[in-house]
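Participant: The following comprises the amino acid sequence and a computationally predicted model.
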Amino acid sequence: MRPTRFCWIFILAVSGLAAASEPSFEYERARPFDLQETGVRQEGDVALREVSYAALDGSRNAATIVAGKMSSAARPAILFVHWFGPPAPTSNRTQFIPDAIELGKEDAVSLLIDTPWSDSEYFEKRTRDGDYARSVQQVKDLRRALDVLRSRPSVDQARVAFVGHDFGAMYGVLAASVDPRVRAFVFMAGTRSFSDWFLYGPPKLTGGAKESFIAELAPLDPIRYLPRLKTPILLQFGDRDFHVSNERAKALAEAAPEPKTVLTYATEHELNEEATRDRIAWLKKQLMNKPDRKS
C-alpha cells in the first residue's frame, strides 16, 4: 500500500524530530589559542612543557605537552584525556604522562589536558539539570584541544590519535565521531550512557523523573556514536569494574565497528600495567608501524 499524503507528512515530521534531537558539536574554530608556557622539565630526551591555552568560554585551560627532540620528519600526535577517580593521584592530566613519555621516545608529540573532572569535587559540584548542556560543551572543548595539538610544529595531520579513559573515553567518542581528524581511538573503561553514572548519588531519582533524565541524555549516549567511528579502535575493560559491568562492556564492544581490538583485564576500573603496555604497543602499531605484541 502506498503511503497517503498524510502519512508522508507524518514520516517527514518524525524524521525532522529525530534529526533535531542530534546535538551540534560545532564550535568557534577561529579563536586564537594564545598558548603560554609556564614551565618545562626533561625526562631524558623527552621534554614535558606545562602550558595553558584559551578555552572556548574565554577561560584558560592547563595542559602538558610531551615530546621528544624535534626532528625534520612529521611526527604522530596523541590527545590524552584522563579519568575521574579521586582520590587517586592520577585523576587528572598527569595520568598519561608515562604513556606520553614512552611515545615521545618514538618522536610522538602528546597533549594531556585538564578537564572539569580534574577537580576532585567535580561530581558533587555538578547538577543534573546542567549535565546535558555541559556534556555538549565538553565535546566542543575536546575538539578545541585537537586544534591545539594539531597546531604543534611538525605534527603529521594524518597520524593523530585520541586516548580517553572513563569520561575521557565517553566524551572522546562523541568528538571523534564528528571529527575525521582522529585516525586512531583508544576507549578505556567507559560506559554506554552518561546517565549510567550521572544517576549516581543523591538525590535518588525514581519513576518518571528517572526515565525523563535518561531520555534527556539519550541523544549523547556513547554507544550511539561508537558505531560511527571510521578509525581503528582499541577498547580496554576490566572484568572487575564496578562502574562498567561485563554486560555494558560487551555491549560497547559489539557496537564498535571494525577494525577493532577488544582487550579485557583481570582488574578494576583504573585498569593496570598490562593495559598500559598493550595500549602503547597498539598506538605504536597504528601510528609508527611498530609490531603489536598481541598480534
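Facilitator: Noted; the coordinates are in hand.

Participant: and the host helix or strand of Gln236, what does it pack onto?
Facilitator: In the assignment (DSSP states H and E), Gln236 maps to strand 233-238. Here strand 233-238 touches strand 184-188, helix 246-255, strand 260-265, helix 273-288, going by 3 or more CB pairs under 8 Å, 6 or more residues apart in numbering; DSSP states H and E. Backbone N, C-alpha and C define where each C-beta goes, glycine included.

Participant: list the helices and strands the first one packs on?
Facilitator: Counting contacts by 3+ CB pairs under 8 Å, 6+ apart, strand 184-188 packs against strand 155-165, helix 167-177, strand 233-238, helix 273-288.

Participant: Just say which of these is most tucked in.
Facilitator: Among those, the stretch with the highest mean neighbour count (mean count of other CB atoms under 10 Å) is helix 167-177, at a mean of 27.

Participant: Next, the residues that contact the strand holding Gln236 from outside, please.
Facilitator: 184-189, 226, 244, 246, 249, 252-253, 256-257, 259-272, 275, 278-279, 282 (CB atoms under 8 Å, 6 or more residues apart in numbering).

Participant: can you check stretch 115-125 too?
Facilitator: Taking CB under 8 Å, 6+ apart as the rule, stretch 115-125 contacts 81-82, 84, 86-87, 91-93, 126, 134, 138, 141, 167-168, 200-201.

Participant: For Ala63, which of the helices and strands packed on strand 184-188 is the nearest?
Facilitator: helix 167-177 (13.4 Å; CB to CB).

Participant: May I have that closest one as CSV, with CA atoms only?
Facilitator: Provided in CSV are the C-alpha atoms of helix 167-177 (Å, rounded to 0.1, in the frame of the first residue of the first chain):
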residue,chain,number,x,y,z
PHE,A,167,34.7,10.2,31.0
GLY,A,168,37.6,10.9,28.7
ALA,A,169,36.6,7.9,26.6
MET,A,170,32.9,8.7,26.5
TYR,A,171,33.2,12.3,25.6
GLY,A,172,36.0,11.4,23.2
VAL,A,173,33.8,9.0,21.2
LEU,A,174,31.3,11.8,20.6
ALA,A,175,34.1,14.2,19.5
ALA,A,176,35.8,11.6,17.3
SER,A,177,32.6,10.5,15.6
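
Participant: From the contact counts, what lies against it?
Facilitator: Contacts defined by 3+ CB pairs under 8 Å, 6+ apart place helix 167-177 against strand 75-81, helix 131-150, strand 155-165, strand 184-188, helix 222-225.

Participant: who wins for proximity to Pro32 among these?
Facilitator: Closest to Pro32 of those is helix 131-150 (CB to CB; 10.7 Å).

Participant: Report the distance from that closest one to the chain centre.
Facilitator: Relative to its chain's centre, helix 131-150 lies at 9 Å (CA atoms, centre = their mean, to the nearest Å).

Participant: Residues touching the host helix or strand of Val51, excluding its own?
Facilitator: Here Val51, judged by DSSP H and E, is contained in strand 46-54. If you take CB under 8 Å, 6+ apart as the criterion, strand 46-54 is touched by 31-42, 60-68, 97, 100-101, 104-105, 148.

Participant: that older thread, please convert the buried members of the contacts of strand 233-238 into PyMOL selection syntax.
Facilitator: PyMOL command restricting the contacts of strand 233-238 to the buried ones, with burial defined by 16 or more other CB atoms under 10 Å:
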select buried, resi 184+185+186+187+188+189+226+244+249+252+253+256+260+261+262+263+264+265+267+268+269+270+271+275+278+279+282
